[in-house]
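Asks: Structure here, sequence nowhere to be found:
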DNA sequence: AACCTAGATGTCACTGACTGCCATATTGGC
DNA sequence: GCCAATATGGCAGTCAGTGACATCTAGGTT
């Protein structure tokens, strides 16, 4: 999924992706320097060497130029989930799917992971970006149930939705902790997986029989 | 909390609230008739008999004129939560707080509940409103931990946050089911409480020991 | 090589949300 | 009836996002 050279014939698509990355990098630098609100789309476009109109041909909104899933994260997740049985669908299934994806993008460190962390920090510091990112997660929560095949009763659709939403929450929390624990020195990527596992474990102590949690303060 | 006559001296505040309600009603009718996107703020302002500039003095955004918490829902929730002990804070605490608030606004039926249902339907049908509503929930998730007093470790802050986020998810799901179950005839308000309890019960079967759920399709 | 067509890019004009500023009207308290 | 807040309106401006049209670029064909 992350290997961009797989669409051999489509050199046009590769160029498109390259331009997208250029625009995203330009935007990241401007946002980090002057803030999201204080940066105009015109400035980003100029910095990336394209016209403002072209910017909106690559990204539907100003927010999306930072949030856009350049590395096929979503697609990887879906392919992991295609294997599971819709009839016997549980939280553990998505958790392991997310885990695989996180572990996968963990391998090629520096490049991708560093970019992710930059973006994550920016998102955390910018309300507008937080909202947009949140919207992305929620859109996923509504698309996945149909994709999985939980189209039967409204009751089971909600069931699947809740599971997905909780899984998303776990990922969000893990990403936040990861971004906040500022460069602990050694490989931050493995750190992310550990944080994720930890968050999932803590989640398990909340909703179940153990309503009164033993862990606090 | 819902009783607006309690701020006796502040008749100015009451007028302000009255104007807000007028604008909201005008907006609701226009949105329901022509859709959210197709309706301009200028049209809403004209229908409510105020200038466009004044509209933005009452609501910060176009979305907010529908989502604005006119009935003190948030405040009621907070006062319910002020009683709980921060050190021993569990999901059941917020669940019961939400339950109280829902039960409370259940009492004065027709008026408020009908309006809520209108709004809820509109939100479900309008992506822009869904996102804005989502942002509201999330803002709450980040404010409440501080309000409660979970300012100790980052770990416990995340703990509280997860609990709140799950509680919000329960409320969202309940509201959605409530709005989708279109006017079952008899009192829809009591219905809401029942739906909420049901959602909470189902949530309990997800995160805990019973990872593999027995209920599907 | 000249060519032809699809996709990429730029320019222009426009809508609509939202803000700051200033002038004016309304109104509650004395 | 007066004074000081406070609410309101009008105006001009910024900025995100869109549609339409013209132009340019590049891949594949004869």
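Replies: Yes, it's here. Please read these numbers as outputs of a predicted model, since none were measured by experiment.
Asks: Quickly list the domain ranges of chain A.
Replies: A:4-62, A:73-216 (automatic domain parsing).
Asks: what's the closest of these to residue B:127?
Replies: domain A:73-216 (8.2 Å; Cβ to Cβ). All C-beta atoms are positioned from the backbone trio N, CA, C, and that covers glycine.
Asks: What average pLDDT does the closest one get?
Replies: Mean per-residue pLDDT for domain A:73-216: 81.
Asks: check whether it contacts DNA strand C.
Replies: No. Figure legend: domain A:73-216 not in contact with DNA strand C (Cβ under 7 Å from any atom of the strand); closest approach 10.7 Å.
Asks: quick one on the thing from earlier: out of the domains of chain A, which comes closest to DNA strand D?
Replies: With Cβ to the nearest atom of the strand as the criterion, DNA strand D lies closest to domain A:4-62 of these, at 3.4 Å.
Asks: is any part of that closest one close to chain B?
Replies: No. Domain A:4-62 stays clear of chain B (Cβ under 8 Å from any Cβ of the partner chain), getting no nearer than 11.3 Å.
Asks: Now that domain: average pLDDT?
Replies: Mean predicted confidence for domain A:4-62 is 90.
Asks: can you give me the offset of it from its chain's centre?
Replies: 18 Å (Cα atoms, centre = their mean, to the nearest Å).
Asks: That one and DNA strand C in contact?
Replies: Yes. Against DNA strand C, domain A:4-62 shows contacts by Cβ under 7 Å from any atom of the strand at A:12, A:16, A:19, A:49-54, A:57-58.
Asks: Tell me where chain A has strands.
Replies: For chain A, no strands turn up when DSSP state E is the criterion.
Asks: Write out the residues of it neighbouring DNA strand D.
Replies: Checking chain A against DNA strand D by Cβ under 7 Å from any atom of the strand, the hits are A:9, A:11-12, A:39-42, A:52-53, A:56, A:60-63.
Asks: got CSV for those residues, with neighbour count and distance to residue B:124 too?
Replies: As requested, those are arranged in CSV below (neighbours: other Cβ atoms under 10 Å in any protein chain shown; distance: Cβ to Cβ, whole Å):
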residue, neighbour count, distance to residue B:124
A:9, 6, 42
A:11, 9, 43
A:12, 9, 39
A:39, 19, 33
A:40, 13, 33
A:41, 16, 31
A:42, 11, 36
A:52, 13, 34
A:53, 9, 34
A:56, 15, 28
A:60, 10, 22
A:61, 12, 22
A:62, 20, 26
A:63, 21, 22
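Asks: Just give me the closest of those residues to DNA strand C.
Replies: Nearest member of those to DNA strand C, counting by Cβ to the nearest atom of the strand, is residue A:53, at 3.0 Å.
Asks: and the closest residue to residue A:103 other than its chain neighbours, how many neighbours?
Replies: Spatial nearest neighbour of residue A:103, chain neighbours left out: residue A:193 (5.9 Å); criterion: Cβ to Cβ, 6 or more residues apart in numbering or on different chains. By other Cβ atoms under 10 Å in any protein chain shown, the residues close to residue A:193 number 15.
Asks: I'd say residue A:193 and residue A:101 touch.
Replies: No. Checked against Cβ atoms under 8 Å, the pair residue A:193 and residue A:101 is beyond contact range at 10.7 Å.
Asks: Helices of chain A, residue ranges please.
Replies: Using DSSP state H, the helices of chain A run over residues A:11-34, A:41-48, A:52-58, A:64-67, A:73-81, A:91-107, A:109-125, A:127-148, A:154-180, A:188-207.
Asks: tell me what the first one is packed against?
Replies: Identification of packing neighbours for helix A:11-34 by 3 or more Cβ pairs under 8 Å, 6 or more residues apart in numbering or on different chains; DSSP states H and E yields helix A:41-48, helix A:52-58, helix A:64-67, helix A:109-125.
Asks: Which of those has the highest mean neighbour count?
Replies: helix A:64-67 (a mean of 20; mean count of other Cβ atoms under 10 Å in any protein chain shown).
Asks: Check whether that helix comes near chain B.
Replies: No. Using Cβ under 8 Å from any Cβ, helix A:64-67 never reaches chain B; the gap is at least 12.9 Å.
Asks: hang on, the earlier thing: so which of the helices and strands packed on helix A:11-34 is nearest residue B:34?
Replies: helix A:52-58 (25.5 Å).
Asks: Show me what that closest one is packed up against.
Replies: Short answer (3+ Cβ pairs under 8 Å, 6+ apart): helix A:52-58 packs on helix A:11-34, helix A:41-48.
Asks: Can you name the residues in contact with that helix?
Replies: The set of residues external to helix A:52-58 that reach it, using Cβ atoms under 8 Å, 6 or more residues apart in numbering or on different chains, is A:16, A:19-20, A:23, A:41-42, A:44-45, A:48, A:65.
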